[in-house]
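Participant: please find the sequence and the predicted model below.
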Amino acid sequence: MPPISFNGTQNPFIAVTTFRQGLINTSVIPDLSKGILPLPSNSGTTTYPATPMRKEIHSFNLLVERELPWNFTTQVGYVGTRAVGQMGFININASAPGTANAGRPLFVAFGNANDINEILPYGTSTYDSLQATLTRRWRGSLLGAVYTWSKAINYADNDANPRIQYMPEKERNRGPAGYDRTHNFQGYTVYDLPFW
């Protein structure tokens, strides 16, 4: 196969950087003898561990149901979830607050000042709720109401990206989840039409 032409010259050594920059002519051949290809100092990555560190999710509930007068039925209970080791995009090259690039471990060792993200377990997310329902049935019709009082707490929200990446300050990320809704009320009805 002939060398690839770049700007009218023949050069077999081409590196790809970004789509915007396209192919870049380079005469530097990477050393592959050690089986490691170092990243350029101006690039960052996101990787998934070769051996996934799976954790667990625990869900539990306790519900009590009771029939009341006038065809009413009520149900009250506790519903909870614990996601142990919630996955998040963790920057393993994060610096301590106020240290800028000098605090990045990979900048000190290799001169790389970019974010190097890895998808890792990061904290435990929790959900606790009190759930109550009240329903009434009569002549094929139904009337109901549902109320939930809950709290959802996590470290990395739906985008799985903790805001404070410096691991010793990890606990500062713990707080109400973006999808936390303390109070949720729903009502519904099904009415059986008499002329069908």
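Facilitator: All right, it came through fine.
Participant: Thr45 pairs with what?
Facilitator: Ile116 (DSSP bridges).
Participant: and Tyr127, by the same measure?
Facilitator: Thr81, Ala152.
Participant: contacts only, for the closest residue to Arg82 other than its chain neighbours.
Facilitator: Leaving aside its sequence neighbours, Arg82 sits nearest to His58 (C-beta to C-beta, 6 or more residues apart in numbering; 4.5 Å). Just so you know, the C-beta spots here come from the backbone N, C-alpha and C atoms, and that holds for glycine as well. Residues counted as contacts of His58 (C-beta atoms under 8 Å, 6 or more residues apart in numbering) are Thr81, Arg82, Val84.
Participant: check which helix or strand covers His58.
Facilitator: strand 56-67 (DSSP states H and E).
Participant: so what are the sheet partners of that strand and their directions?
Facilitator: strand 72-84 (antiparallel).
Participant: which residues are contacting the partner strand?
Facilitator: 55-68, 121, 124-137, 154.
Participant: filter those residues to the buried ones?
Facilitator: The neighbour count (16 or more other C-beta atoms under 10 Å) marks Pro121, Thr124, Ser125, Thr126, Tyr127, Ser129, Gln131, Thr133, Leu134, Thr135, Arg136, Asn154 as buried among the contacts of strand 72-84.
Participant: as CSV, these with secondary structure would be great.
Facilitator: Compiled in CSV, the buried ones among the contacts of strand 72-84 are given as follows (DSSP: H, G, I helix; E, B strand; the rest coil):
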residue, secondary structure
Pro121, strand
Thr124, strand
Ser125, strand
Thr126, strand
Tyr127, strand
Ser129, strand
Gln131, strand
Thr133, strand
Leu134, strand
Thr135, strand
Arg136, strand
Asn154, strand
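Participant: what score does the residue nearest to Arg82 have for pLDDT?
Facilitator: Predicted confidence (pLDDT) for His58: 92.
Participant: with Thr51 instead?
Facilitator: Predicted confidence (pLDDT) for Thr51: 66.
Participant: swap in Tyr191?
Facilitator: For Tyr191, the predicted pLDDT is 85.
Participant: ramachandran angles for Gly123?
Facilitator: phi 80, psi 180 (degrees, to the nearest 10).
Participant: now, among the buried ones among the contacts of strand 72-84, which is nearest to Leu106?
Facilitator: Pro121 (21.1 Å; C-beta to C-beta).
Participant: so what pairs up with that closest one in the strands?
Facilitator: Here Pro121, judged by DSSP bridges, has bridge partners Met87.
Participant: burial measure for Val190, as a count.
Facilitator: 10 (other C-beta atoms under 10 Å).
Participant: no wait, Asn91
Facilitator: 20.
Participant: before we move on, what about Ile90?
Facilitator: 21.
Participant: now the strands for this structure?
Facilitator: For the chain, the strands defined by DSSP state E cover 5-6, 9-10, 14-16, 23-25, 45-47, 56-67, 72-84, 87-91, 116-121, 124-138, 141-154, 175-176, 183-190.
Participant: with distance to Gln165 and pLDDT added, can I get the buried ones among the contacts of strand 72-84 in JSON lines?
Facilitator: Converted to JSON lines, the buried ones among the contacts of strand 72-84 look like this (distance: C-beta to C-beta, whole Å; pLDDT from 0 to 100):
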{"residue": "Pro121", "distance to Gln165": "15", "pLDDT": "80"}
{"residue": "Thr124", "distance to Gln165": "18", "pLDDT": "86"}
{"residue": "Ser125", "distance to Gln165": "18", "pLDDT": "87"}
{"residue": "Thr126", "distance to Gln165": "22", "pLDDT": "91"}
{"residue": "Tyr127", "distance to Gln165": "24", "pLDDT": "94"}
{"residue": "Ser129", "distance to Gln165": "30", "pLDDT": "96"}
{"residue": "Gln131", "distance to Gln165": "36", "pLDDT": "96"}
{"residue": "Thr133", "distance to Gln165": "42", "pLDDT": "95"}
{"residue": "Leu134", "distance to Gln165": "46", "pLDDT": "94"}
{"residue": "Thr135", "distance to Gln165": "48", "pLDDT": "93"}
{"residue": "Arg136", "distance to Gln165": "52", "pLDDT": "91"}
{"residue": "Asn154", "distance to Gln165": "16", "pLDDT": "87"}
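Participant: right, I'll call it a day here.
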